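Asks: Structure, please.
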Amino acid sequence: MPRVTNSPDAPVLIDSPRPHTTVITLNRPERMNSMAFNLMVPLHEALEQVGADNDTTCVILTGNGRGFCSGADTSNDGGVPPNIDGLTLTGIASRAMATLADLVPAMQRMPQPVICAINGAAIGGGMCLTLGADIRLAAESAYFRAAGINNGLTATELGLSFLLPRAIGSSRAFEIMLSGRDIGAHEAASMGLVSRVVPDAELLDEALDLADQINGWSTQGTALTKRTMWAGLEIGSLRAAIEMESQTQLFVRLTTQNFEEAVRARKEGRPPNFED
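Replies: You can find the predicted model right below:
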């Protein structure tokens with residue numbers, strides 16, 4: 001199985017350009033970071049590795065080159081799924097799909113907020129990958145396509161049928177998934193698929209600035225907000241959501257001095273120093 005390394009030609013790069021923020025970069029630009037197994041397996045490892053890093057409190061996921069991730073890899077040098085020795089064709093197919101299908105849940109499992117800085121194309125599985133992030137920023141060159149339908153398959157893959165309607169509403173999601181058309185960055189922002197659009201040259205700096213802002217708050221507060229938000233998308237009623245929120249809020253309120261520190265900081269005109 002490929003390992004995540006710091007080599008500049010590694011398929012996935014991990015860098016910490018600012019305190020407490022880690023940038024994970026898909027690094028197969030010659031293939032527009034398509035979803036080859038020799039890229040997706042190291043990506044999964046990187047998500048686990050960074051998620052376990054207690055010094056990292058915010059994560060940025062981006063791509064190298066002119067595309068974020070162009071979806072299915074059609075080359076003959078994309079590698080194979082992990083641990084397939086002795087498996088039949090059916091078993092290999094199941095292992096392959098399971099490897100890709102766990103990427104979005106792996107992003108959601110990370111305790112840190114994940115910002116997706118989308119440079120260029122986010123096509124097919126690449127579009128799905130962006131929806132695993134907690135926040136999406138798009139470069140002006142970014143565009144999205146649910147490409148499964150263009151390839152004679154279904155547009156429903158890697159959680160898209162669940163995540164996209166919740167992000168932009170069912171009518172728009174149906175249109176995007178059934179038409180196979182491209183969605184430009186500004187249209188994506190207008191429908192809420194991304195938070196905002198920034199010039200290409202400013203994309204990573206904007207993402208890093210946003211990470212700095214998030215890192216100024218309580219680590220527990222941001223981690224539990226992320227968990228509660230994702231759980232809320234699957235919860236069955238308003239009452240259940242309020243009950244979950246109440247227990248989470250009480251947990252942080254009663255087990256830390258964060259609230260008292262916030263009050264002191266406001267009185268003293270300084271940023272709070274949350275120690276959780």
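Asks: gap between the two ends of stretch 90-109?
Replies: In stretch 90-109, first residue to last residue: 28 Å (Cα to Cα, to the nearest Å).
Asks: Could you check that stretch and say which residues are buried?
Replies: 96, 99, 100, 103, 104, 106, 107, 108 (16 or more other Cβ atoms under 10 Å). Where you see a C-beta, it was placed from the backbone N, CA and C, and this is true even at glycine.
Asks: which among these gets closest to residue 195?
Replies: Comparing these against residue 195 with Cβ to Cβ places residue 107 closest, at 16.3 Å.
Asks: coming back round to it: wait, which of the buried residues of stretch 90-109 is closest to residue 83?
Replies: residue 99 (9.3 Å).
Asks: the strands in this structure, which residues?
Replies: 12-18, 21-26, 58-63, 67-69, 114-118, 121-123, 135-139, 143-145, 183-184, 196-198 (DSSP state E).
Asks: So what are the sheet partners of the first one and their directions?
Replies: Using DSSP bridges, the strands paired with strand 12-18 are strand 21-26 (antiparallel).
Asks: who's in contact with the partner strand?
Replies: Contact with strand 21-26 is made by 11-17, 33, 39, 43, 46-47, 50, 53, 56-64, 68-69, 204, 208, 211-212, 215, as judged by Cβ atoms under 8 Å, 6 or more residues apart in numbering.
Asks: Buried only: go through those residues for me.
Replies: So, by 16+ other Cβ under 10 Å, the buried ones in the contacts of strand 21-26 are 11-14, 33, 39, 43, 46-47, 50, 53, 56-64, 68-69, 204, 208, 211, 215.
Asks: Low-confidence bits of the stretch 51-200 of the chain, can you list those?
Replies: 76, 78 (pLDDT under 70).
Asks: can you give me the helices for it?
Replies: 89-101, 103-109, 125-130, 160-168, 170-179, 185-190 (DSSP state H, counting those that start in this stretch).
Asks: tell me the angle of the fourth one relative to helix 170-179?
Replies: By that I understand helix 160-168. Angle between the axes of helix 160-168 and helix 170-179 is 140 degrees (criterion: axes from the mean of the first three to the mean of the last three Cα atoms, to 10 degrees).
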